[in-house]
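In: Below: sequence and its predicted model.
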Amino acid sequence: MYRKRLNGQGGFSLIELIIVIAVLGILGAIASYSYMGYVNNSNLRSAARDMAADMANTKQKAVSEGLTYRTIISVDANTYTIERGDAAGTTFTVVETKSPTAFGTGLTISSTNYTSSQITYQPRGTISAGSVVLINSRDSTATITSNITGRTHVSFTIK
C-alpha cells in the first residue's frame, strides 16, 4: 500500500542525488574507454580487409588486362602504392596511393617481409609471397599474408 510521509515532504535528498550522479559518471567513463577500444580495433579490421581486397582486385586486374602490376609498401611513409606496368613490364605508372590512416588515426604499417617491400602481380595470376603487418594505438595487429597463388588472408591479434 501507498503511505504518506509523516512530515509531508517527498523526493530525494541532495546526498542521494549526488551518489547517483557519481555512480553514473563512473559507469560512463568505463563504457567510454571500452567503446574507444572497440572503435580502434574495428578501424584496424577495416583497414586490413581493405588492403587485402586491394591485393585481390589488383591480382584480378593483372590477369584480365594481361599486364604486370605491383604494390610498393612504404613503412616509413605509412602508405602503399598500386602501380600498373606497360606491355613490356618495365615502366610503371601510379594507379592509386592509400594509407591505413584513412580508417582512423593511430593505424600504421608496422612491417613487411615482401622482397624490396614490393608485391608483384603477374598476368598469369601469381603474386609475390609474403606478409604485411598493420598495428593500431592499442597494439592490436592485423597480418595480411599472401602466397604465390595469390590467395590472401588476414589474421588478427586483438588487445
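Out: Nice, I can see it. Residues are numbered from 1 along each chain as shown.
In: And the residue nearest the centre of the protein?
Out: In the chain, the centroid-proximal residue (Cα atoms, centre = their mean) is residue 44; its distance is 2.3 Å.
In: wait, what's in contact with that one?
Out: 103, 107, 134, 135, 136, 140, 141, 142, 156 (Cβ atoms under 8 Å, 6 or more residues apart in numbering). Placement of C-beta: from N, CA and C, glycine included.
In: Phi, psi for the first one please.
Out: Comment: the main-chain dihedrals of residue 103 come out as phi -100, psi 0, following degrees, to the nearest 10.
In: all helices for the protein, in order.
Out: 14-65 (DSSP state H).
In: Can you pull the poorly scored residue ranges out of it?
Out: 1-9 (pLDDT under 70).
In: How many neighbouring residues does the nearest residue to the residue nearest to the centre of the chain once chain neighbours are set aside have?
Out: Among residues not flanking residue 44 along the chain, residue 136 sits closest, at 4.4 Å (Cβ to Cβ, 6 or more residues apart in numbering). Residues contacting residue 136 under the criterion other Cβ atoms under 10 Å number 28.
In: State the distance from residue 136 to residue 76.
Out: Distance from residue 136 to residue 76, counting by Cβ to Cβ, to the nearest Å: 18 Å.
In: again, but for residue 67
Out: 28 Å.
In: Those two: which has the busier surroundings?
Out: Using other Cβ under 10 Å as the criterion, residue 67 and residue 76 rank with residue 67 on top: 18 against 7.
In: Count the residues that sit near the closest residue to the more buried one other than its chain neighbours.
Out: In this structure, residue 67 finds its nearest non-sequential neighbour in residue 85, 5.4 Å apart by Cβ to Cβ, 6+ apart. When neighbours are counted by other Cβ under 10 Å, residue 85 registers 19.
In: Could you pull up the residues touching residue 85?
Out: 67, 68, 69, 70, 91, 92 are the contacts of residue 85 under Cβ under 8 Å, 6+ apart.
In: I figured the fourth one was touching residue 116, is that so?
Out: No - the pair residue 70 / residue 116 is not scored as a contact, 9.8 Å apart, by Cβ atoms under 8 Å.
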